[in-house]
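*Asks:* Build me a model:
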Amino acid sequence: MYLTVDQKVAQLPPDYPEEMLSAIRDEFVQSGKTIVVLDDDPTGTQTSSDVTVLTSWRVALITDELKKKPSILFILTNSRSLPESEAIGLAHEIGTNLNEAAKASGREIVVISRSDSTLRGHFPAEVDALSETLNMTDAVIVLVPAFIEGGRITIDDVHYLIDNQTLVPVSDTPFANDVVFGYQNANLKQWVEEKTKGSISAQNVNSITIDDLRLGGPQRVIEKLQACPNGSVCIVNAVSYRDLEVLVMGLLRAEKSGKKFLYRSSATLVPIRAGMASGKIVTPLKQKTGSGNGSLVMVGSHVPKTTSQLSWLLANGTSKAIEVKVSEVLTSTDPLAKATAISQQTDKWLASGNDVVIYTSRQQEVGADSASSLTINSTVSNFLVNILKFLTIRPKFIVAKGGITSSDLASKGLSAETALVLGPVIPGVPVWKLDAKSKFPEISYVVFPGNVGDETALLDVCRKLDV
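*Replies:* Next up is the predicted model:
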């Protein structure tokens, strides 16, 4: 029987009494550093605002951005869509480029490997590759999967998903059954042991508890971090923004003493690490399309939450809909012709002022193993990319549902190399303004994670942007 959120939180001490965000901001600015977030899919921008995201990691591009001395810079790696061996190679490549860009720009960097709050991703392989390339093998790996905006919290070392105000261990959710990144343990110490195949035992994983944060404050955090052996893993319990503020203040002070840290976290930690508010909701910009074109929603994610949101949108909205039957895409002798036909129909509807929803069939096709499943995902994603490439009519705005989907559509379908993250339109759902050189210059582009929001959220976002 699961506890409710209220029942569990009532057992915890109250939040640490001191507000720390402004003090963190002062310390961070004085450090003269930029936080570089390597995001394994684009949903990591979901808590940030007024920051730049790059879909390319060319040394010159990163150098130019670092010379602007930003507080935060995102680099979209989309590594969650890759087999582990390719993700490792990519981490080495990006780490090498980061080293060169940091040296060329004269800017010190702090690296966060941002990944999924439901524990899917290439851990520890990706982080290990980064630590080697960045010469940080002696750094403590700080693991912070808490995603406050999305209802993912960690208590007593167990990571939970909040579902209808009930605390569900993530090991009991569909995310734990992911065909590529599945796992058995919600206890993060045991999860680390599981993911490292026993090379790090649960008893050797360090932990910062809720009591440490709320009763001991930053000083207790410093003591716990200083006690962590170099190269070890330290998991962090967190329920609130204040918990993460206390953590960050302790981390900043521990860094001053020479301790090194490499972060693996969800999105919530990112702005707080720079002393910035997390999850500030933005008011959508009025679109300057110069026409009455309709909007475009493209759905690739297969998680149950996405399917329920799609069903609600189709049942309660007025959009024209096209289903992409995945089984036909995988067996088609001429997929480009099929994609072109969908693009042409979409163009007609958009030009007539109709909103359009393009979605993949809801029965997920899986392969015999994780590698073949990733190949299937890539094939389907490339099909959606081609639909977008062949469009000639500019939509009023674009919503991309699913992490891998939204990454590929932005970088490959729309040829966007940079974007400005305006902020979340609803908690956990960021809006980007794509660069002037993209297929549809400066269009509003919504990166909608598959596992965020209630049943009505997809329709709600479309209505908010329809201004």
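
*Asks:* now stretch 318-328, how far from the chain's geometric center?
*Replies:* Its chain's C-alpha centre and that of stretch 318-328 lie 26 Å apart, by Cα atoms, centre = their mean, to the nearest Å.

*Asks:* again with stretch 15-35
*Replies:* Stretch 15-35 sits 23 Å away from the centroid of its parent chain (Cα atoms, centre = their mean).

*Asks:* Could you list the residues in contact with it?
*Replies:* Applying Cβ atoms under 8 Å, 6 or more residues apart in numbering, the external contacts of stretch 15-35 come out as 66, 69-73, 107-112, 213-214, 217-218, 240, 242-243, 245-246, 248-249, 252, 270, 272-277. C-betas here are computed from N, CA, C, even on glycine.

*Asks:* Filter those down to just the ones in helices.
*Replies:* 66, 217-218, 242-243, 245-246, 248-249, 252, 270, 272-273 (DSSP state H).

*Asks:* picking that back up, tell me the buried residues within the contacts of stretch 15-35.
*Replies:* Those of the contacts of stretch 15-35 that meet the buried threshold are 66, 70-73, 107, 109-112, 213-214, 217-218, 240, 242-243, 245-246, 248-249, 252, 270, 272-276, by 16 or more other Cβ atoms under 10 Å.

*Asks:* just checking, what packs against the host helix or strand of residue 376?
*Replies:* For residue 376, the element it lies in under DSSP states H and E is helix 370-390. If you count contacts as 3 or more Cβ pairs under 8 Å, 6 or more residues apart in numbering; DSSP states H and E, helix 370-390 packs onto strand 296-299, strand 320-324, helix 326-331, helix 335-351, strand 356-360, helix 403-408.

*Asks:* Same list, these, but as JSON lines with mean pLDDT and distance to residue 52 please.
*Replies:* Below are the helices and strands packed on helix 370-390 laid out as JSON lines (pLDDT from 0 to 100; distance: least, Cβ to Cβ, whole Å):
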{"stretch": "strand 296-299", "mean pLDDT": "96", "distance to residue 52": "24"}
{"stretch": "strand 320-324", "mean pLDDT": "95", "distance to residue 52": "32"}
{"stretch": "helix 326-331", "mean pLDDT": "89", "distance to residue 52": "34"}
{"stretch": "helix 335-351", "mean pLDDT": "96", "distance to residue 52": "29"}
{"stretch": "strand 356-360", "mean pLDDT": "95", "distance to residue 52": "28"}
{"stretch": "helix 403-408", "mean pLDDT": "87", "distance to residue 52": "16"}
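
*Asks:* Which one, of those, ends up nearest to residue 416?
*Replies:* Of all the helices and strands packed on helix 370-390, it is helix 403-408 that lies closest to residue 416, at 10.5 Å by Cβ to Cβ.

*Asks:* now for that closest one, which elements pack on it?
*Replies:* The contact analysis (3+ Cβ pairs under 8 Å, 6+ apart) places helix 403-408 against helix 370-390, strand 444-448.

*Asks:* Residues contacting it, please?
*Replies:* Helix 403-408 has contacts (Cβ under 8 Å, 6+ apart) with 41-43, 55, 76, 78, 80-81, 298-301, 377, 381-382, 384-385, 400, 445, 447-450.

*Asks:* Per the annotation, how does the chain divide into domains?
*Replies:* Domain ranges of the chain: 5-273, 296-465, per automatic domain parsing.

*Asks:* Nearest to residue 282, out of the ones you listed?
*Replies:* Using Cβ to Cβ as the measure, domain 296-465 is the one of the domains of the chain that comes nearest residue 282, at 3.5 Å.

*Asks:* related to what we said a few turns ago, any idea which of the helices and strands packed on helix 403-408 is most buried?
*Replies:* strand 444-448 (a mean of 27; mean count of other Cβ atoms under 10 Å).

*Asks:* so what secondary structure elements neighbour that one?
*Replies:* The contact analysis (3+ Cβ pairs under 8 Å, 6+ apart) places strand 444-448 against strand 398-401, helix 403-408, strand 418-426, strand 429-434, helix 457-465.
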